[in-house]
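Novice: Predicted model, plus sequence, below.
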Amino acid sequence: MTDAGLLAEEESLFDLLPVGVALVERGSIARCNRTLEQMLGYMPGELAGKPFAALADSDALEGEVELRRKDGSRLWCRLSSRAAQTCTLVAFADVTEEIKKLRLAVDAADLYYWEWDAATDRMHWSRNPEVLPALAGGTAQTWSEYAQMVHPDDRERYLATGRGAVARGVPFDIEYRVATADGRLVWFGLRGVPMFDPAGKVYRMVGVSQDVTARKRREDAVRFLAYHDSLTGLPNRRLLDDRLKQAVHLAQRRDRKVAAMLIDLDNFKQVNDSFGHRAGDAVLKEVAQRLAACVRRADTLARHGGDEFVVVISEVNAEADCQIVADKILHALAAEFHVDGRALALGASIGVSLYPTDAGDGDALLRNADAAMYRAKQLGRNQYRFYGR
């Protein structure tokens, strides 16, 4: 067979390849097979000399790239390339149907598929996240614009995470909040995966986002119950211990005093015995509300268990500060409680212990406050006593 015959046979095999193939020289298509021309809707020879950038938004020759057909429509191709001496051989496999199925699966899973292009800073979404006001009516924007929608408390972390992933070329996960048009805060969980050009540089990031607000609320509820009393909503013993340790630590650093006041209701047993535990729970809720009105926001009011409550007063200047709070509490609890149409008088006995005068740590403070409270009961109830006085 002559050289011309061999060349013709090579050309024929080149055109019969099931994937598109092109030789790219200096950013332009020097030669391509008929398969690629048909994929992109071009007549024979029309692609020769055309810049590769005219076909794609990116000049990447590896990975999944969205290409423009001659008529303006688009298709997705998986590109693989092999560098030669004077050109790069690029193979194009049409994966449009795969991408469509993937996006359908993403939509079915209530996820939002997105892509970010490094050259243009543009983000493209598979569908419009309706909760995002800036995307209403459209699915494209710059990453910088999207970042402005992120809650100010989360924005710097969000930007740093994304920039770090691009710089290091690694996948990333993050959860953050955005504000909706009606003022609600919505939590999003986002995962991004980098895509690299032949030089190993990130040219695109693809990923999925999901509204995780319901899950975050459940987590917050579980976390709240772990540290708060389920009946009154006040801090429980676990959180009380932590707050007390913090207060003592700060008092040590600042050479200040801390007071622990243990409050035990007088005559509460008769409520449960006479009216039942449901009525007792209602009384405890009202007690918590009355006590909350007697303390500062900087102080800690906790339910210690049963009908006992604890107040931690930070940065006490003198015993007189504690006396003022104790008098307010006794006055607040002296008012009648109404249960099933009947008026009840309860009152309380209060024990007070001071750091560092009476104890050197939080546990000792509570023990001494408890001892002072029992002394108050012994002396006739409905009063307060300081430890050791």
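Specialist: Now that the structure is in, tell me what you want to look at. Residues are numbered from 1 along each chain as shown.
Novice: Tell me which residues touch residue 336, please.
Specialist: 343-345 (Cβ atoms under 8 Å, 6 or more residues apart in numbering). Glycine gets a C-beta too; all of them are placed from N, C-alpha and C.
Novice: Drop anything exposed from those residues.
Specialist: residue 344 (16 or more other Cβ atoms under 10 Å).
Novice: could you dump the contacts of residue 336 to a markdown table with secondary structure, pLDDT and distance to residue 112?
Specialist: Formatted as a markdown table, the contacts of residue 336 follow (DSSP: H, G, I helix; E, B strand; the rest coil; pLDDT from 0 to 100; distance: Cβ to Cβ, whole Å):
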| residue | secondary structure | pLDDT | distance to residue 112 |
| --- | --- | --- | --- |
| 343 | strand | 85 | 59 |
| 344 | strand | 84 | 57 |
| 345 | coil | 86 | 60 |
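Novice: with the contacts of residue 336 in mind, which one is nearest to residue 259?
Specialist: residue 345 (26.8 Å; Cβ to Cβ).
Novice: and the gap between the residue nearest to the closest one when sequence neighbours are not counted and residue 286?
Specialist: Spatial nearest neighbour of residue 345, excluding adjacent residues (Cβ to Cβ, 6 or more residues apart in numbering): residue 336 at 5.9 Å. Separation of residue 336 from residue 286 (Cβ to Cβ, to the nearest Å): 11 Å.
Novice: Quick one: residues in contact with stretch 227-234.
Specialist: By Cβ under 8 Å, 6+ apart, stretch 227-234 touches 235-236, 238-239, 281, 284-285, 288, 292, 301-303, 309.
Novice: Mind pulling up the pLDDT for the residue nearest to residue 345?
Specialist: We have a pLDDT of 90 for residue 336.
Novice: show me what contacts residue 82?
Specialist: Contacts of residue 82 (Cβ under 8 Å, 6+ apart): 88-89.
Novice: Need the CA coordinates for stretch 377-389. CSV is fine.
Specialist: Extracted C-alpha coordinates of stretch 377-389, given in CSV (Å, rounded to 0.1, in the frame of the first residue of the first chain):
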residue,chain,number,x,y,z
LYS,A,377,-34.5,25.7,108.4
GLN,A,378,-33.6,24.7,111.9
LEU,A,379,-34.0,28.4,113.0
GLY,A,380,-37.5,28.6,111.7
ARG,A,381,-37.5,28.6,107.9
ASN,A,382,-38.3,31.4,105.4
GLN,A,383,-34.9,33.1,106.1
TYR,A,384,-31.3,33.0,105.0
ARG,A,385,-28.1,32.3,106.8
PHE,A,386,-24.4,32.7,105.9
TYR,A,387,-22.1,29.7,106.4
GLY,A,388,-20.4,29.8,109.8
ARG,A,389,-22.5,32.8,111.0
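Novice: And that stretch, how far out from the chain middle?
Specialist: Centroid separation for stretch 377-389 versus its chain: 48 Å, with Cα atoms, centre = their mean, to the nearest Å.
Novice: Run through who's touching it.
Specialist: 261, 264, 266, 319, 322-323, 326, 330, 334, 347-354, 358-359, 368-369, 371-373, 375-376.
Novice: So which bits of that stretch are buried?
Specialist: Neighbour-count burial for stretch 377-389 [16+ other Cβ under 10 Å]: 377, 382-387.
Novice: re the thing from before, which of the contacts of stretch 377-389 are buried?
Specialist: 261, 264, 266, 322, 326, 330, 348-354, 358-359, 368-369, 371-373, 375-376.
Novice: So which of the residues you listed sit within helices?
Specialist: 322, 326, 330, 368-369, 371-373, 375-376 (DSSP state H).
Novice: Run through who's touching stretch 45-54.
Specialist: Counting by Cβ under 8 Å, 6+ apart, 22, 24, 27-32, 36-37, 40, 59, 61, 68, 70 sit against stretch 45-54.
Novice: Show the buried residues in those.
Specialist: Buried among those by 16+ other Cβ under 10 Å: 22, 24, 28-29, 31-32, 36-37, 40, 59, 61.
Novice: check contacts around residue 162.
Specialist: 143, 147, 172, 174, 192, 205.
Novice: Residue ranges in the chain under the pLDDT threshold?
Specialist: Scanning the chain for pLDDT under 70 picks out the ranges 1-13, 105, 109, 127-140.
Novice: okay, now the domains of it?
Specialist: 3-94, 99-216, 230-386 (automatic domain parsing).
Novice: what about those, which gets the closest to residue 224?
Specialist: Among those, if distance is taken as Cβ to Cβ, the winner is domain 230-386, at 8.3 Å.
Novice: From the chain's centroid, how far away is that closest one?
Specialist: 35 Å.
Novice: Measure how far the top strand by length along the chain is from the centre of its chain, please.
Specialist: Looking across the chain with DSSP state E, the single longest strand is strand 185-196. The chain centre lies 12 Å from the centre of strand 185-196; the measure is Cα atoms, centre = their mean.
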